[in-house]
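Novice: sequence unknown, structure follows:
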């Protein structure tokens, strides 16, 4: 003696008054489909996913490119991403399944490489020199040197670089 014979309904009949509706439902999943991180990111997670179905569906990551660093957290209903993934594009799917059916959500995780900033430095410029002044590098630049004037006098002049 089955429940369907007592209720008079076919469990596959989708009429709104069918008491079986709500008892068995195919699984569904909705939420983030992409996540972009910068190289050197710290451990992170996606937003929470909405998962429905009756009986409660099992959730798994299929085609997981790194099962140690990309994991499903069934408690929080999030994808946890451990630190340390190399720059690149990681594509995989979240699969939900129960006795009624399966559903998948395709997901893309992108880790962007850091862009190194380069600083251009120019060589120091030499101060302009006066071509009429000669400096002897073997002497102290502040030493006093004799200078002859046009009148023939000799005077002492301090030479500075």
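Specialist: That came through fine. Fair warning: this is a prediction, and the values are worked out from it, not measured in the lab. Numbers count the residues shown, from 1 in each chain.
Novice: show me the contacts for residue 105.
Specialist: Contacts for residue 105 (C-beta atoms under 8 Å, 6 or more residues apart in numbering) come out as 29, 30, 31, 33, 49, 93, 94. All C-beta atoms are positioned from the backbone trio N, CA, C, and that covers glycine.
Novice: The helix or strand where residue 96 lies pairs with which strands, and in what direction?
Specialist: Assigned by DSSP states H and E, residue 96 belongs to strand 88-97. With DSSP bridges as the test, strand 88-97 is paired with strand 58-62 (antiparallel), strand 102-112 (antiparallel).
Novice: will you turn these into CSV that also has distance to residue 84?
Specialist: Formatted as CSV, the strands paired with strand 88-97 follow (distance: least, C-beta to C-beta, whole Å):
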stretch, distance to residue 84
strand 58-62, 18
strand 102-112, 10
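Novice: quick one, which of those strands is nearest to residue 24?
Specialist: Nearest to residue 24 among the strands paired with strand 88-97 is strand 102-112 (14.1 Å), distances taken as C-beta to C-beta.
Novice: Could you tell me which residues within that closest one count as buried?
Specialist: By 16 or more other C-beta atoms under 10 Å, the buried positions in strand 102-112 come out as 103, 105, 107, 109, 111.
Novice: average pLDDT across that strand?
Specialist: Averaging pLDDT along strand 102-112 gives 97.
Novice: Kindly report the same for stretch 48-55.
Specialist: Computed over stretch 48-55, the average pLDDT equals 93.
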